[in-house]
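Trainee: predicted model and sequence below, questions to follow.
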Number of protein chains: 2
Amino acid sequence: MPTSHADARYGLTGTMRATPGNRDAVVALLLRDVAELKPAGCHLYVVGLDPEDADLIRVTEVWDSRQAHRDSLQLPSVRAAIAEAMPMLTGEFTRTEFSAVGGLGLPE
Amino acid sequence: MPTSHADARYGLTGTMRATPGNRDAVVALLLRDVAELKPAGCHLYVVGLDPEDADLIRVTEVWDSRQAHRDSLQLPSVRAAIAEAMPMLTGEFTRTEFSAVGGLGLPE
């Protein structure tokens, strides 16, 4: 459990809103090729649903670095998932960066 | 990567605000006994810092269930950490629940 911030990794947490009835289809797209993110430097990619809001999807991610995350957006599987998901999203996104300094579930 | 929501686990993401200069001491308390959370049903406990706000701490957690999380608050180590941290917190908390339905980094 590194506590020095030099070991901090790049974290992102945010939401996207699906158009009514499309949330699960978008979730399936987000999860389809998620295993490919690991070799790209992703330590965590958690997809969550909101118990009160049937269209909202929450994603929390931790990457080696901001650049690793940015580079991943060029992966063919990620580009394909984004292209397929966009028509099922309203365009309302929230996005917060954080430095992941440690805890349970993050590889040492 | 379970996508059926029956497999969903209980997620929490939120922030706490340290009093100026105490953020790292609070982070150290949050991480001190974090390994004890796993046998209590915790799959993920990620502590993050805010790049723009030197007093803010973000914690994202995933548990077997809401009850597992609630029960963990009775663990001696958790009670001790909370008691020691409280004097270094302003009392400003944000807290959002979610159902973690899958992704990278969550045990199958």
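Mentor: Now that the structure is in, tell me what you want to look at.
Trainee: going forward, measure contacts between C-alpha atoms and count neighbours the same way
Mentor: OK.
Trainee: bridging residues for the closest residue to A:Arg95 other than its chain neighbours?
Mentor: Closest residue to A:Arg95 apart from its sequence neighbours, by Cα to Cα, 6 or more residues apart in numbering or on different chains: A:Gly14 at 4.2 Å. According to DSSP bridges, the partner residues bridging A:Gly14 are A:Val59, A:Arg95.
Trainee: which residues touch A:Gly14?
Mentor: Each residue near A:Gly14 by Cα atoms under 8 Å, 6 or more residues apart in numbering or on different chains is listed here: A:Arg58, A:Val59, A:Thr60, A:Phe93, A:Thr94, A:Arg95, A:Thr96.
Trainee: buried ones in the helix or strand that contains A:Val27?
Mentor: Counting by DSSP states H and E, the element that carries A:Val27 is helix A:23-32. By neighbour count, and taking 16 or more other Cα atoms under 10 Å in any protein chain shown as the criterion, the buried residues in helix A:23-32 are A:Arg23, A:Asp24, A:Val26, A:Val27, A:Ala28, A:Leu29, A:Leu30, A:Leu31, A:Arg32.
Trainee: again with stretch A:93-105
Mentor: A:Glu97, A:Phe98, A:Ser99, A:Ala100, A:Val101, A:Gly102, A:Gly103, A:Leu104, A:Gly105.
Trainee: ok, and which of those residues reach chain B?
Mentor: On the criterion Cα under 8 Å from any Cα of the partner chain, A:Glu97, A:Phe98, A:Ser99, A:Ala100, A:Val101, A:Gly102, A:Gly103, A:Leu104, A:Gly105 are the entries of those that sit beside chain B.
Trainee: counting contacts, what elements does the strand or helix carrying the third one pack onto?
Mentor: Under the assignment given by DSSP H and E, the secondary-structure element containing A:Ser99 is strand A:89-104. Of the remaining helices and strands, those touching strand A:89-104 by 3 or more Cα pairs under 8 Å, 6 or more residues apart in numbering or on different chains; DSSP states H and E are strand A:9-18, strand B:42-50.
Trainee: most tightly packed of the ones you listed?
Mentor: Burial of these is given as mean neighbour count (mean count of other Cα atoms under 10 Å in any protein chain shown); strand B:42-50 ranks first at a mean of 24.
Trainee: neighbouring strands - and their directions - for that one?
Mentor: Applying DSSP bridges, you get strand A:89-104 (antiparallel), strand B:53-63 (antiparallel) as the partners of strand B:42-50.
Trainee: in CSV: the ones you listed, plus mean pLDDT.
Mentor: As requested, those are arranged in CSV below (pLDDT from 0 to 100):
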stretch, mean pLDDT
strand A:89-104, 95
strand B:53-63, 97
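Trainee: how about TSV for those strands, with distance to B:Thr19 added?
Mentor: Formatted as TSV, the entries for the strands paired with strand B:42-50 read as follows, by distance: least, Cα to Cα, whole Å:
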stretch	distance to B:Thr19
strand A:89-104	19
strand B:53-63	7
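Trainee: backbone phi and psi for the closest residue to A:Val101 other than its chain neighbours, please?
Mentor: Computed as Cα to Cα, 6+ apart, the closest residue to A:Val101 that is not its neighbour in sequence is A:Ala8, at 4.6 Å. As for A:Ala8, its main-chain torsions (degrees, to the nearest 10) stand at phi -60, psi 140.
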